[in-house]
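Q: missing the sequence, but the structure's below:
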């Protein structure tokens with residue numbers, strides 16, 4: 001006759017219960033980390049969008065400051081430069 005240990009099913013149920021609890025805790029932890037990383041991703045996406053808007057505005061500003069009319073205005077008003085007369089322009093050709 002085989003002796004049957006009544007503690008074996010209880011021990012097996014206890015092991016399965018511990019495994020289930022650990023698995024549930026791991027699931028909760030990974031879900032929390034996933035949500036935290038998603039929030040960080042959204043914040044970084046918003047920051048990227050704001051930086052792209054600022055970059056576009058800076059490019060527009062740069063193109064405004066670099067127009068020929070603006071450069072000529074600065075040359076005449078701030079630097080007191082004038083256009084040379086036609087008689088003051090010499091063309092030097094290289095042989």
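A: Everything's here; your move. Remember, predicted model here, so these are calculated numbers, not experimental data.

Q: mean confidence score for the longest helix along the chain?
A: Longest helix in the chain, counting residues (DSSP state H): helix 7-65. Mean pLDDT, computed over helix 7-65, is 95.

Q: That helix: how far from the chain's middle?
A: Centre-to-centre, helix 7-65 and its host chain are 16 Å apart (C-alpha atoms, centre = their mean, to the nearest Å).

Q: how near is the residue nearest the centre of the chain to residue 42?
A: Residue closest to the mean C-alpha point of the chain, counted by C-alpha atoms, centre = their mean, is residue 48 at 4.3 Å. Distance from residue 48 to residue 42, counting by C-beta to C-beta, to the nearest Å: 11 Å. Placement of C-beta: from N, CA and C, glycine included.

Q: Now do residue 25 against residue 55, distance only.
A: Applying C-beta to C-beta to residue 25 and residue 55 gives a distance of 45 Å.

Q: can you check residue 41 too?
A: Taken as C-beta to C-beta, the span from residue 41 to residue 55 is 21 Å.

Q: Please apply the same query to residue 82.
A: For residue 82, the distance to residue 55 - C-beta to C-beta - is 37 Å.

Q: and if you look at residue 34?
A: 31 Å.

Q: what's the answer for residue 86, then?
A: Distance from residue 86 to residue 55, by C-beta to C-beta: 44 Å.

Q: Give me the more crowded residue out of these two.
A: More crowded of residue 86 and residue 55, by other C-beta atoms under 10 Å: residue 55, with 10 against 6.

Q: So what touches the next helix or strand after the longest helix of the chain?
A: Sequence-wise, the next helix or strand downstream of helix 7-65 (DSSP states H and E) is helix 68-77. With contact meaning C-beta atoms under 8 Å, 6 or more residues apart in numbering, helix 68-77 is reached by 64, 81, 82.

Q: Most neighbours of all those, which one?
A: When neighbours are taken as other C-beta under 10 Å, the top entry among those is residue 81 (11 neighbours).

Q: And it, what's its pLDDT?
A: 88.

Q: Now it: phi and psi?
A: phi -90, psi 150 (degrees, to the nearest 10).

Q: Quick check: closest non-adjacent residue to it.
A: Nearest residue to residue 81, sequence neighbours excluded (C-beta to C-beta, 6 or more residues apart in numbering): residue 75, at 4.4 Å.
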